[in-house]
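Peer 1: this one's structure only:
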(Lines give C-alpha, C1' and ligand atoms only; values in the text may rest on other atoms or scores of the structure.)
Protein backbone atom coordinates (compact mmCIF):
# COMPACT_ATOMS: atom_id res chain seq x y z
CA UNK A 1 0.00 0.00 0.00
CA UNK A 2 2.81 2.36 0.89
CA UNK A 3 4.50 1.61 -2.41
CA UNK A 4 1.30 2.51 -4.30
CA UNK A 5 1.03 5.82 -2.43
CA UNK A 6 4.67 6.56 -3.17
CA UNK A 7 4.21 5.84 -6.86
CA UNK A 8 1.15 8.10 -6.95
CA UNK A 9 3.10 10.95 -5.40
CA UNK A 10 5.89 10.53 -7.91
CA UNK A 11 3.41 10.52 -10.78
CA UNK A 12 1.66 13.64 -9.50
CA UNK A 13 5.00 15.40 -9.10
CA UNK A 14 6.00 14.43 -12.62
CA UNK A 15 2.75 15.92 -13.95
CA UNK A 16 2.95 19.18 -11.97
CA UNK A 17 6.67 19.83 -12.37
CA UNK A 18 6.47 20.94 -16.03
CA UNK A 19 3.61 23.28 -15.10
CA UNK A 20 5.66 24.91 -12.35
CA UNK A 21 8.70 25.17 -14.60
CA UNK A 22 6.60 26.64 -17.39
CA UNK A 23 5.04 29.20 -15.05
CA UNK A 24 8.44 30.22 -13.72
CA UNK A 25 9.82 30.48 -17.23
CA UNK A 26 6.83 32.54 -18.36
CA UNK A 27 7.35 34.96 -15.45
CA UNK A 28 11.00 35.40 -16.34
CA UNK A 29 10.01 36.11 -19.95
CA UNK A 30 7.69 38.97 -19.00
CA UNK A 31 8.19 42.67 -19.67
CA UNK A 32 6.03 44.58 -17.24
CA UNK A 33 4.52 47.90 -18.26
CA UNK A 34 3.19 50.56 -15.88
CA UNK A 35 1.43 53.71 -17.06
CA UNK A 36 1.71 57.02 -15.22
CA UNK A 37 -0.42 59.81 -16.69
CA UNK A 38 -0.90 61.91 -13.60
CA UNK A 39 0.90 64.19 -11.20
CA UNK A 40 3.49 62.42 -9.06
CA UNK A 41 1.83 61.76 -5.70
CA UNK A 42 2.07 59.14 -2.90
CA UNK A 43 -0.24 56.72 -4.69
CA UNK A 44 1.90 56.83 -7.84
CA UNK A 45 5.00 56.22 -5.71
CA UNK A 46 3.33 53.25 -4.02
CA UNK A 47 2.19 51.91 -7.39
CA UNK A 48 5.67 51.97 -8.95
CA UNK A 49 7.31 50.58 -5.81
CA UNK A 50 4.91 47.61 -5.68
CA UNK A 51 5.33 46.80 -9.39
CA UNK A 52 9.14 46.96 -9.25
CA UNK A 53 9.23 44.79 -6.11
CA UNK A 54 6.92 42.20 -7.67
CA UNK A 55 8.97 42.24 -10.89
CA UNK A 56 12.09 41.50 -8.86
CA UNK A 57 10.42 38.62 -7.02
CA UNK A 58 9.08 37.10 -10.24
CA UNK A 59 12.27 37.66 -12.25
CA UNK A 60 10.67 39.79 -14.94
CA UNK A 61 13.02 40.91 -17.69
CA UNK A 62 12.39 44.62 -17.11
CA UNK A 63 9.82 47.22 -16.09
CA UNK A 64 8.80 49.94 -18.54
CA UNK A 65 7.31 53.14 -17.08
CA UNK A 66 5.28 54.94 -19.71
CA UNK A 67 5.38 58.47 -18.32
CA UNK A 68 3.39 61.61 -18.98
CA UNK A 69 3.45 64.02 -16.04
CA UNK A 70 3.54 67.79 -15.42
CA UNK A 71 5.36 67.26 -12.11
CA UNK A 72 4.24 66.67 -8.56
CA UNK A 73 5.40 66.23 -4.99
CA UNK A 74 9.11 65.95 -4.28
CA UNK A 75 8.73 63.45 -1.43
CA UNK A 76 6.96 61.03 -3.75
CA UNK A 77 9.54 61.66 -6.49
CA UNK A 78 12.40 60.80 -4.13
CA UNK A 79 10.68 57.55 -3.19
CA UNK A 80 10.35 56.59 -6.87
CA UNK A 81 13.92 57.59 -7.74
CA UNK A 82 15.35 55.71 -4.78
CA UNK A 83 13.39 52.60 -5.72
CA UNK A 84 14.63 52.75 -9.34
CA UNK A 85 18.26 53.22 -8.34
CA UNK A 86 18.18 50.24 -5.97
CA UNK A 87 16.14 47.97 -8.25
CA UNK A 88 17.47 44.54 -9.20
CA UNK A 89 15.43 44.61 -12.38
CA UNK A 90 16.01 47.06 -15.27
CA UNK A 91 13.65 50.04 -15.15
CA UNK A 92 13.09 51.88 -18.43
CA UNK A 93 11.26 55.21 -18.52
CA UNK A 94 9.51 55.92 -21.80
CA UNK A 95 8.02 59.41 -22.15
CA UNK A 96 4.97 58.69 -24.26
CA UNK A 97 2.65 58.93 -26.13
CA UNK A 98 3.42 61.74 -28.56
CA UNK A 99 2.57 65.04 -26.91
CA UNK A 100 3.52 63.79 -23.45
CA UNK A 101 6.02 65.47 -21.15
CA UNK A 102 8.37 64.62 -18.31
CA UNK A 103 8.43 67.97 -16.56
CA UNK A 104 9.77 68.82 -13.13
CA UNK A 105 9.47 65.62 -11.06
CA UNK A 106 9.15 63.60 -14.27
CA UNK A 107 12.61 64.73 -15.38
CA UNK A 108 14.22 63.30 -12.23
CA UNK A 109 12.45 59.97 -12.71
CA UNK A 110 13.55 59.83 -16.35
CA UNK A 111 17.23 60.55 -15.79
CA UNK A 112 17.33 58.14 -12.83
CA UNK A 113 16.13 55.19 -14.96
CA UNK A 114 18.50 52.58 -16.36
CA UNK A 115 17.31 53.50 -19.87
CA UNK A 116 15.57 56.75 -20.80
CA UNK A 117 13.54 56.94 -24.00
CA UNK A 118 11.10 59.42 -25.48
CA UNK A 119 8.45 59.29 -28.17
CA UNK A 120 8.35 61.88 -30.97
CA UNK A 121 6.80 65.27 -30.11
CA UNK A 122 7.52 65.02 -26.38
CA UNK A 123 9.57 67.20 -24.05
CA UNK A 124 11.54 66.97 -20.83
CA UNK A 125 12.91 69.41 -18.25
CA UNK A 126 11.76 72.59 -16.47
CA UNK A 127 12.66 71.45 -12.96
CA UNK A 128 13.63 74.79 -11.43
CA UNK A 129 12.10 75.61 -8.00
CA UNK A 130 10.50 79.07 -8.00
CA UNK A 131 9.67 81.59 -5.29
CA UNK A 132 6.15 82.17 -4.06
CA UNK A 133 4.68 84.44 -1.44
CA UNK A 134 6.54 87.60 -0.28
CA UNK A 135 9.29 88.21 -2.74
CA UNK A 136 7.75 85.80 -5.22
CA UNK A 137 5.95 86.33 -8.49
CA UNK A 138 2.92 87.80 -6.76
CA UNK A 139 4.95 90.25 -4.68
CA UNK A 140 4.16 93.86 -5.52
CA UNK A 141 7.71 94.88 -4.72
CA UNK A 142 9.52 95.06 -8.01
CA UNK A 143 13.01 95.84 -6.78
CA UNK A 144 13.97 92.36 -5.74
CA UNK A 145 11.62 89.73 -7.08
CA UNK A 146 12.29 86.43 -8.80
CA UNK A 147 9.66 85.34 -11.29
CA UNK A 148 8.89 82.39 -13.50
CA UNK A 149 6.35 82.31 -16.29
CA UNK A 150 3.44 79.92 -16.25
CA UNK A 151 5.01 77.74 -18.89
CA UNK A 152 8.01 77.02 -16.71
CA UNK A 153 10.27 79.40 -18.61
CA UNK A 154 13.49 80.94 -17.42
CA UNK A 155 13.48 82.79 -14.13
CA UNK A 156 14.84 86.28 -13.81
CA UNK A 157 15.79 88.50 -10.91
CA UNK A 158 15.24 92.23 -11.27
CA UNK A 159 17.43 94.22 -8.94
CA UNK A 160 18.23 97.87 -8.66
CA UNK A 161 21.70 96.96 -7.41
CA UNK A 162 24.30 94.84 -9.11
CA UNK A 163 23.97 91.09 -8.55
CA UNK A 164 26.13 89.71 -5.81
CA UNK A 165 28.36 86.72 -6.56
CA UNK A 166 26.36 83.53 -6.63
CA UNK A 167 23.03 85.31 -7.00
CA UNK A 168 22.46 83.66 -10.35
CA UNK A 169 22.37 80.33 -8.53
CA UNK A 170 19.83 81.53 -6.01
CA UNK A 171 16.37 80.10 -6.25
CA UNK A 172 13.33 79.31 -4.26
CA UNK A 173 13.58 76.77 -1.57
CA UNK A 174 11.69 73.55 -1.16
CA UNK A 175 9.38 74.36 1.65
CA UNK A 176 8.00 71.92 4.19
CA UNK A 177 4.25 72.29 4.18
CA UNK A 178 1.90 70.33 6.37
CA UNK A 179 1.95 67.56 3.79
CA UNK A 180 5.58 67.50 2.75
CA UNK A 181 8.01 69.18 0.41
CA UNK A 182 6.97 70.62 -2.90
CA UNK A 183 8.88 71.95 -5.86
CA UNK A 184 8.01 75.49 -4.93
CA UNK A 185 8.34 77.50 -1.78
CA UNK A 186 8.42 80.82 0.02
CA UNK A 187 11.08 83.46 -0.45
CA UNK A 188 13.76 83.53 2.23
CA UNK A 189 17.26 84.97 2.49
CA UNK A 190 19.68 84.40 -0.35
CA UNK A 191 21.77 82.19 1.91
CA UNK A 192 18.86 79.82 2.55
CA UNK A 193 17.82 79.89 -1.11
CA UNK A 194 21.36 78.96 -2.15
CA UNK A 195 21.49 76.21 0.45
CA UNK A 196 18.29 74.50 -0.68
CA UNK A 197 18.90 75.05 -4.39
CA UNK A 198 22.38 73.56 -4.02
CA UNK A 199 20.85 70.52 -2.31
CA UNK A 200 18.52 70.03 -5.27
CA UNK A 201 21.40 70.51 -7.69
CA UNK A 202 23.49 67.99 -5.80
CA UNK A 203 20.70 65.43 -6.10
CA UNK A 204 20.36 66.11 -9.82
CA UNK A 205 24.12 65.91 -10.34
CA UNK A 206 24.30 62.57 -8.53
CA UNK A 207 21.60 61.10 -10.73
CA UNK A 208 23.19 62.45 -13.92
CA UNK A 209 26.64 61.14 -13.03
CA UNK A 210 25.28 57.78 -11.93
CA UNK A 211 23.48 57.28 -15.24
CA UNK A 212 26.18 59.08 -17.31
CA UNK A 213 23.82 61.71 -18.59
CA UNK A 214 24.65 65.28 -19.67
CA UNK A 215 25.53 66.97 -16.40
CA UNK A 216 25.48 70.51 -17.80
CA UNK A 217 21.98 70.10 -19.22
CA UNK A 218 20.64 68.69 -15.94
CA UNK A 219 22.10 71.64 -14.04
CA UNK A 220 20.48 74.07 -16.47
CA UNK A 221 17.15 72.26 -16.15
CA UNK A 222 17.20 72.80 -12.39
CA UNK A 223 18.73 76.30 -12.33
CA UNK A 224 17.19 77.84 -15.43
CA UNK A 225 14.14 75.66 -16.10
CA UNK A 226 15.58 74.48 -19.39
CA UNK A 227 13.27 72.19 -21.31
CA UNK A 228 14.14 70.22 -24.45
CA UNK A 229 12.36 68.29 -27.14
CA UNK A 230 13.10 64.62 -27.62
CA UNK A 231 15.54 65.39 -30.43
CA UNK A 232 17.39 68.01 -28.39
CA UNK A 233 17.49 65.70 -25.37
CA UNK A 234 18.97 62.88 -27.44
CA UNK A 235 21.60 65.15 -28.99
CA UNK A 236 22.49 66.50 -25.54
CA UNK A 237 22.92 63.02 -24.10
CA UNK A 238 20.02 63.32 -21.67
CA UNK A 239 18.13 60.29 -22.98
CA UNK A 240 19.28 57.11 -24.68
CA UNK A 241 16.89 56.75 -27.60
CA UNK A 242 13.81 58.01 -29.43
CA UNK A 243 11.20 55.35 -30.14
CA UNK A 244 7.97 55.91 -32.03
CA UNK A 245 6.14 52.99 -30.41
CA UNK A 246 6.44 50.61 -27.50
CA UNK A 247 7.27 47.77 -29.90
CA UNK A 248 10.10 49.84 -31.34
CA UNK A 249 11.40 50.49 -27.82
CA UNK A 250 11.33 46.81 -26.86
CA UNK A 251 13.11 45.84 -30.06
CA UNK A 252 15.88 48.38 -29.49
CA UNK A 253 16.30 47.34 -25.85
CA UNK A 254 17.33 43.86 -26.91
CA UNK A 255 20.98 43.17 -26.14
CA UNK A 256 21.90 46.45 -24.42
CA UNK A 257 23.99 46.26 -21.21
CA UNK A 258 22.30 47.37 -17.97
CA UNK A 259 24.14 48.21 -14.76
CA UNK A 260 22.13 47.06 -11.73
CA UNK A 261 23.12 47.27 -8.08
CA UNK A 262 23.88 43.55 -8.24
CA UNK A 263 26.10 43.89 -11.31
CA UNK A 264 25.94 44.33 -15.04
CA UNK A 265 23.51 42.28 -17.14
CA UNK A 266 22.63 42.19 -20.82
CA UNK A 267 18.94 42.78 -21.39
CA UNK A 268 17.19 40.43 -23.78
CA UNK A 269 13.70 41.31 -24.93
CA UNK A 270 13.26 39.01 -27.93
CA UNK A 271 10.15 36.86 -27.59
CA UNK A 272 9.16 38.47 -24.30
CA UNK A 273 5.54 38.62 -23.23
CA UNK A 274 4.13 42.11 -22.50
CA UNK A 275 2.20 42.31 -19.24
CA UNK A 276 0.25 45.46 -18.37
CA UNK A 277 0.32 46.30 -14.65
CA UNK A 278 -2.43 48.86 -13.94
CA UNK A 279 -3.07 50.56 -10.62
CA UNK A 280 -5.26 48.73 -8.13
CA UNK A 281 -8.75 50.14 -7.58
CA UNK A 282 -7.61 51.46 -4.19
CA UNK A 283 -4.65 53.30 -5.70
CA UNK A 284 -6.82 54.75 -8.48
CA UNK A 285 -9.44 55.89 -5.99
CA UNK A 286 -6.97 57.53 -3.59
CA UNK A 287 -4.99 59.05 -6.46
CA UNK A 288 -8.21 60.61 -7.74
CA UNK A 289 -8.86 62.09 -4.31
CA UNK A 290 -5.48 63.83 -4.34
CA UNK A 291 -6.91 66.66 -6.38
CA UNK A 292 -7.24 70.13 -4.85
CA UNK A 293 -10.47 71.02 -6.66
CA UNK A 294 -12.12 67.75 -5.59
CA UNK A 295 -10.81 68.25 -2.05
CA UNK A 296 -12.49 71.66 -1.85
CA UNK A 297 -15.79 70.20 -3.09
CA UNK A 298 -15.57 67.43 -0.49
CA UNK A 299 -14.89 69.92 2.30
CA UNK A 300 -17.79 72.09 1.18
CA UNK A 301 -20.21 69.16 1.03
CA UNK A 302 -18.92 67.88 4.35
CA UNK A 303 -19.41 71.25 6.03
CA UNK A 304 -22.92 71.67 4.63
CA UNK A 305 -23.91 68.13 5.61
CA UNK A 306 -22.70 68.47 9.19
CA UNK A 307 -24.28 71.91 9.57
CA UNK A 308 -27.64 70.62 8.33
CA UNK A 309 -27.43 67.66 10.71
CA UNK A 310 -26.57 69.87 13.69
CA UNK A 311 -29.37 72.31 12.90
CA UNK A 312 -31.88 69.50 12.21
CA UNK A 313 -30.97 66.66 14.60
CA UNK A 314 -32.24 63.24 13.68
CA UNK A 315 -32.20 63.56 9.87
CA UNK A 316 -29.04 61.35 9.92
CA UNK A 317 -28.34 61.10 6.15
CA UNK A 318 -26.80 64.60 5.78
CA UNK A 319 -24.62 63.93 8.81
CA UNK A 320 -23.39 60.59 7.50
CA UNK A 321 -22.70 61.89 3.99
CA UNK A 322 -21.14 65.07 5.35
CA UNK A 323 -18.87 63.15 7.72
CA UNK A 324 -17.62 60.86 4.93
CA UNK A 325 -17.01 63.82 2.59
CA UNK A 326 -15.18 65.71 5.31
CA UNK A 327 -12.87 62.79 6.08
CA UNK A 328 -12.08 62.25 2.38
CA UNK A 329 -11.42 65.96 1.94
CA UNK A 330 -9.07 66.00 4.94
CA UNK A 331 -7.23 62.98 3.52
CA UNK A 332 -6.61 64.90 0.30
CA UNK A 333 -5.53 67.97 2.27
CA UNK A 334 -3.10 65.86 4.28
CA UNK A 335 -1.45 64.67 1.07
CA UNK A 336 -1.39 67.94 -0.85
CA UNK A 337 1.05 70.83 -0.27
CA UNK A 338 -1.40 73.03 1.57
CA UNK A 339 -1.05 76.76 2.11
CA UNK A 340 -2.19 77.37 5.69
CA UNK A 341 -3.56 80.82 4.88
CA UNK A 342 -5.76 79.38 2.13
CA UNK A 343 -7.14 76.68 4.43
CA UNK A 344 -7.88 79.24 7.16
CA UNK A 345 -9.74 81.44 4.67
CA UNK A 346 -11.95 78.50 3.64
CA UNK A 347 -12.71 77.73 7.30
CA UNK A 348 -13.44 81.42 7.89
CA UNK A 349 -15.89 81.34 4.97
CA UNK A 350 -17.90 78.57 6.65
CA UNK A 351 -17.84 80.49 9.93
CA UNK A 352 -19.31 83.49 8.11
CA UNK A 353 -21.98 81.30 6.52
CA UNK A 354 -22.97 79.86 9.90
CA UNK A 355 -23.05 83.31 11.51
CA UNK A 356 -25.26 84.61 8.69
CA UNK A 357 -27.93 82.11 9.70
CA UNK A 358 -27.67 83.02 13.37
CA UNK A 359 -27.09 86.78 13.19
CA UNK A 360 -28.81 87.72 9.92
CA UNK A 361 -26.55 90.44 8.56
CA UNK A 362 -28.78 90.58 5.47
CA UNK A 363 -26.09 89.29 3.13
CA UNK A 364 -22.97 91.02 4.44
CA UNK A 365 -21.54 87.88 6.05
CA UNK A 366 -22.53 85.81 3.02
CA UNK A 367 -20.65 88.12 0.67
CA UNK A 368 -17.65 88.01 2.99
CA UNK A 369 -17.88 84.22 3.13
CA UNK A 370 -17.96 83.92 -0.67
CA UNK A 371 -14.95 86.20 -1.03
CA UNK A 372 -13.03 84.28 1.64
CA UNK A 373 -13.97 80.96 0.03
CA UNK A 374 -12.79 81.97 -3.46
CA UNK A 375 -9.56 83.53 -2.17
CA UNK A 376 -8.84 80.57 0.08
CA UNK A 377 -9.52 78.09 -2.72
CA UNK A 378 -7.14 79.82 -5.12
CA UNK A 379 -4.47 80.03 -2.42
CA UNK A 380 -5.03 76.55 -1.01
CA UNK A 381 -2.45 74.70 -3.11
CA UNK A 382 0.75 76.20 -4.44
CA UNK A 383 -0.05 77.29 -8.00
CA UNK A 384 3.41 76.45 -9.30
CA UNK A 385 3.10 72.75 -8.50
CA UNK A 386 2.19 71.79 -12.05
CA UNK A 387 -0.95 69.73 -12.42
CA UNK A 388 -2.17 70.52 -8.89
CA UNK A 389 -3.66 73.94 -9.41
CA UNK A 390 -7.13 74.70 -8.12
CA UNK A 391 -9.42 75.33 -11.06
CA UNK A 392 -11.07 78.74 -10.70
CA UNK A 393 -13.74 77.66 -13.18
CA UNK A 394 -14.72 74.95 -10.70
CA UNK A 395 -14.44 77.07 -7.56
CA UNK A 396 -16.63 79.96 -8.72
CA UNK A 397 -19.72 77.78 -9.47
CA UNK A 398 -19.28 76.11 -6.07
CA UNK A 399 -19.09 79.50 -4.37
CA UNK A 400 -22.22 80.63 -6.23
CA UNK A 401 -24.02 77.45 -5.19
CA UNK A 402 -23.09 78.10 -1.56
CA UNK A 403 -24.32 81.67 -1.97
CA UNK A 404 -27.63 80.40 -3.33
CA UNK A 405 -28.05 78.02 -0.39
CA UNK A 406 -27.21 80.80 2.04
CA UNK A 407 -29.63 83.10 0.23
CA UNK A 408 -32.49 80.64 0.66
CA UNK A 409 -31.70 80.14 4.33
CA UNK A 410 -31.37 83.89 4.93
CA UNK A 411 -34.70 84.51 3.18
CA UNK A 412 -36.38 81.99 5.45
CA UNK A 413 -34.83 83.63 8.48
CA UNK A 414 -35.87 87.13 7.35
CA UNK A 415 -39.43 85.92 6.75
CA UNK A 416 -39.54 84.34 10.16
CA UNK A 417 -38.31 87.59 11.70
CA UNK A 418 -41.29 89.34 10.15
CA UNK A 419 -43.64 87.19 12.19
CA UNK A 420 -44.46 87.48 15.85
CA UNK A 421 -41.56 86.34 17.97
CA UNK A 422 -42.38 83.25 20.01
CA UNK A 423 -39.73 81.74 22.23
CA UNK A 424 -39.54 78.67 24.39
CA UNK A 425 -40.99 75.23 23.98
CA UNK A 426 -44.42 76.51 24.99
CA UNK A 427 -44.35 78.60 21.83
CA UNK A 428 -44.84 75.35 19.91
CA UNK A 429 -48.26 74.84 21.43
CA UNK A 430 -50.79 74.61 18.63
CA UNK A 431 -48.12 73.98 15.99
CA UNK A 432 -48.80 71.30 13.42
CA UNK A 433 -46.31 68.77 12.13
CA UNK A 434 -45.72 65.32 10.66
CA UNK A 435 -44.76 62.11 12.42
CA UNK A 436 -41.34 60.98 11.13
CA UNK A 437 -40.95 58.02 13.48
CA UNK A 438 -44.04 56.25 14.73
CA UNK A 439 -45.16 57.24 18.24
CA UNK A 440 -45.47 54.04 20.33
CA UNK A 441 -46.26 56.07 22.37
CA UNK A 442 -42.93 57.97 21.89
CA UNK A 443 -41.21 58.75 18.61
CA UNK A 444 -40.20 61.74 16.49
CA UNK A 445 -42.07 64.50 14.72
CA UNK A 446 -41.07 67.25 12.27
CA UNK A 447 -42.40 70.63 13.27
CA UNK A 448 -41.25 74.20 12.55
CA UNK A 449 -38.39 72.90 10.41
CA UNK A 450 -36.93 70.73 13.20
CA UNK A 451 -37.03 67.16 14.43
CA UNK A 452 -38.49 66.80 17.96
CA UNK A 453 -38.99 63.93 20.34
CA UNK A 454 -42.73 63.51 20.91
CA UNK A 455 -45.26 61.46 22.87
CA UNK A 456 -48.96 60.96 22.22
CA UNK A 457 -51.10 62.66 24.86
CA UNK A 458 -53.11 59.50 25.68
CA UNK A 459 -50.23 57.00 25.11
CA UNK A 460 -51.88 55.66 21.97
CA UNK A 461 -49.84 54.82 18.88
CA UNK A 462 -49.62 57.30 16.00
CA UNK A 463 -48.29 56.00 12.65
CA UNK A 464 -45.63 57.63 10.47
CA UNK A 465 -46.59 60.47 8.09
CA UNK A 466 -49.69 61.25 10.20
CA UNK A 467 -50.39 64.91 10.78
CA UNK A 468 -50.30 65.94 14.43
CA UNK A 469 -50.88 69.02 16.54
CA UNK A 470 -48.73 69.98 19.52
CA UNK A 471 -50.61 70.34 22.81
CA UNK A 472 -47.77 71.26 25.14
CA UNK A 473 -44.17 70.43 26.00
CA UNK A 474 -42.73 68.26 28.73
CA UNK A 475 -39.11 69.33 28.91
CA UNK A 476 -37.63 68.48 25.51
CA UNK A 477 -40.53 66.16 24.66
CA UNK A 478 -43.63 67.48 22.92
CA UNK A 479 -47.06 66.13 23.83
CA UNK A 480 -49.12 65.72 20.66
CA UNK A 481 -52.34 64.26 19.32
CA UNK A 482 -53.47 63.35 15.79
CA UNK A 483 -54.90 66.15 13.67
CA UNK A 484 -58.37 65.05 12.59
CA UNK A 485 -59.82 66.61 9.43
CA UNK A 486 -63.55 66.44 8.68
CA UNK A 487 -64.42 68.06 5.40
CA UNK A 488 -63.24 71.66 5.58
CA UNK A 489 -63.35 71.72 9.34
CA UNK A 490 -60.53 70.70 11.62
CA UNK A 491 -60.88 69.35 15.09
CA UNK A 492 -58.08 70.51 17.27
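Peer 2: Happy to help now that I have it. For clarity, every value in this text was computed on a predicted model and none was experimentally measured. Residues are numbered from 1 along each chain as shown.

Peer 1: Give me the mean pLDDT for stretch 206-221.
Peer 2: Mean per-residue pLDDT for stretch 206-221: 91.

Peer 1: try stretch 456-472
Peer 2: 87.

Peer 1: Likewise for stretch 354-366?
Peer 2: 71.

Peer 1: Quick check: end-to-end length of that stretch?
Peer 2: For stretch 354-366, the first-to-last residue distance is 9 Å (C-alpha to C-alpha, to the nearest Å).

Peer 1: now the helices for the chain?
Peer 2: 2-28, 42-57, 74-85, 105-112, 190-210, 215-223, 230-235, 246-253, 281-289, 292-311, 317-335, 340-359, 364-380, 392-417 (DSSP state H).

Peer 1: which one of these has the most crowded surroundings?
Peer 2: Each of the helices of the chain was scored by mean neighbour count; the highest is helix 105-112, a mean of 28, by mean count of other C-beta atoms under 10 Å. In this view, the C-beta of every residue, glycine as well, is placed from N, C-alpha and C.

Peer 1: Kindly list the single helix or strand of the protein that scores lowest on mean pLDDT.
Peer 2: Scoring the helices and strands of the chain by mean pLDDT, DSSP states H and E places strand 176-177 at the bottom, with a mean of 32.

Peer 1: list the contacts for the spatially most central residue of the chain?
Peer 2: Central residue of the chain (C-alpha atoms, centre = their mean): residue 290, 0.8 Å from the mean position. Residues near residue 290 by C-beta atoms under 8 Å, 6 or more residues apart in numbering: 39, 41-43, 332, 335-336.

Peer 1: Please repeat the previous calculation with a cut-off of 7 Å.
Peer 2: By C-beta atoms under 7 Å, 6 or more residues apart in numbering, the residues touching residue 290 are 41, 43, 332, 335-336.

Peer 1: Then residue 467?
Peer 2: Taking C-beta under 7 Å, 6+ apart, one finds 432, 434, 483 in contact with residue 467.

Peer 1: Go through the residues you listed and say which is closest to residue 248.
Peer 2: residue 434 (70.3 Å; C-beta to C-beta).

Peer 1: my read: the closest one touches residue 446, true?
Peer 2: Yes. Here residue 434 reaches residue 446: they are 5.0 Å apart, a contact under C-beta atoms under 7 Å.

Peer 1: okay, residue 483: pLDDT?
Peer 2: Reported pLDDT for residue 483: 82.

Peer 1: what about it, how many residues close to it?
Peer 2: Look at residue 483: counted by other C-beta atoms under 10 Å, it has 15 neighbours.

Peer 1: what sits against it?
Peer 2: Taking C-beta under 7 Å, 6+ apart, we find residue 483 in contact with 432, 467-469, 490.

Peer 1: Out of those residues, give me the one that has the most neighbours.
Peer 2: That'd be residue 468 among the contacts of residue 483, by other C-beta under 10 Å, with 23 neighbours.

Peer 1: Please list all residues in contact with the closest residue to that one other than its chain neighbours.
Peer 2: Spatially, and ignoring its direct neighbours in sequence, residue 468 is nearest to residue 480 (4.3 Å; C-beta to C-beta, 6 or more residues apart in numbering). Contacts for residue 480 were tallied using C-beta under 7 Å, 6+ apart; they are 445, 454, 456-457, 468-471.

Peer 1: switch to 6 Å and redo it
Peer 2: Contacts for residue 480 (C-beta atoms under 6 Å, 6 or more residues apart in numbering) come out as 454, 468, 470.

Peer 1: cool, residue 204 as well?
Peer 2: 218, 222.

Peer 1: Filter the contacts of residue 483 down to just the ones in strands.
Peer 2: Mapping the contacts of residue 483 onto strands (DSSP state E) picks out 432, 467-469, 490.

Peer 1: Same list (these) but as a markdown table, adding distance to residue 400.
Peer 2: Listed next are these as a markdown table, based on distance: C-beta to C-beta, whole Å:
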| residue | distance to residue 400 |
| --- | --- |
| 432 | 35 |
| 467 | 37 |
| 468 | 39 |
| 469 | 40 |
| 490 | 43 |
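
Peer 1: Identify the farthest-apart pair in the residues you listed.
Peer 2: Among these, the pair separated by the greatest distance (C-beta to C-beta) is 468 and 490, at 12.3 Å.

Peer 1: Identify the residue nearest residue 100 in space, chain neighbours excluded?
Peer 2: That would be residue 68: by C-beta to C-beta, 6+ apart, it lies 3.5 Å from residue 100.

Peer 1: quick one, phi psi at that neighbour?
Peer 2: Main-chain dihedrals, residue 68, degrees, to the nearest 10: phi -150, psi 100.

Peer 1: do the same with the one 5 residues further on
Peer 2: Here the main-chain torsion angles of residue 73 (degrees, to the nearest 10) amount to phi -90, psi 140.

Peer 1: any idea how far residue 36 lies from residue 43?
Peer 2: Remark: distance between residue 36 and residue 43 (C-beta to C-beta, to the nearest Å) = 10 Å.

Peer 1: Contact partners for the nearest residue to residue 93 once chain neighbours are set aside?
Peer 2: Spatial nearest neighbour of residue 93, excluding adjacent residues (C-beta to C-beta, 6+ apart): residue 113 at 3.9 Å. By C-beta under 6 Å, 6+ apart, residue 113 lies in contact with 84, 91-93.

Peer 1: Which one of these is nearest to residue 343?
Peer 2: residue 84 (33.7 Å).

Peer 1: my guess is the closest one contacts residue 91, does it?
Peer 2: Yes. Using C-beta atoms under 6 Å, residue 84 is in contact with residue 91, at 4.7 Å.

Peer 1: So which of the contacts of residue 113 is surrounded by the most neighbours?
Peer 2: Neighbour counts for the contacts of residue 113 peak at residue 93, which has 28 neighbours (criterion: other C-beta under 10 Å).

Peer 1: Next up, phi/psi of the residue nearest to residue 93, please.
Peer 2: According to degrees, to the nearest 10, residue 113 has phi -70, psi 160.

Peer 1: Where does pLDDT dip in the protein?
Peer 2: The chain contains residues with pLDDT under 70 at 1-29, 128-193, 196, 311-314, 357-358, 360-363, 382-391, 406-407, 409-427, 485-492.

Peer 1: the domain parsing of it - what is it?
Peer 2: Per automatic domain parsing, the domain ranges recorded for the chain read 22-128+201-282, 291-417, 425-491.
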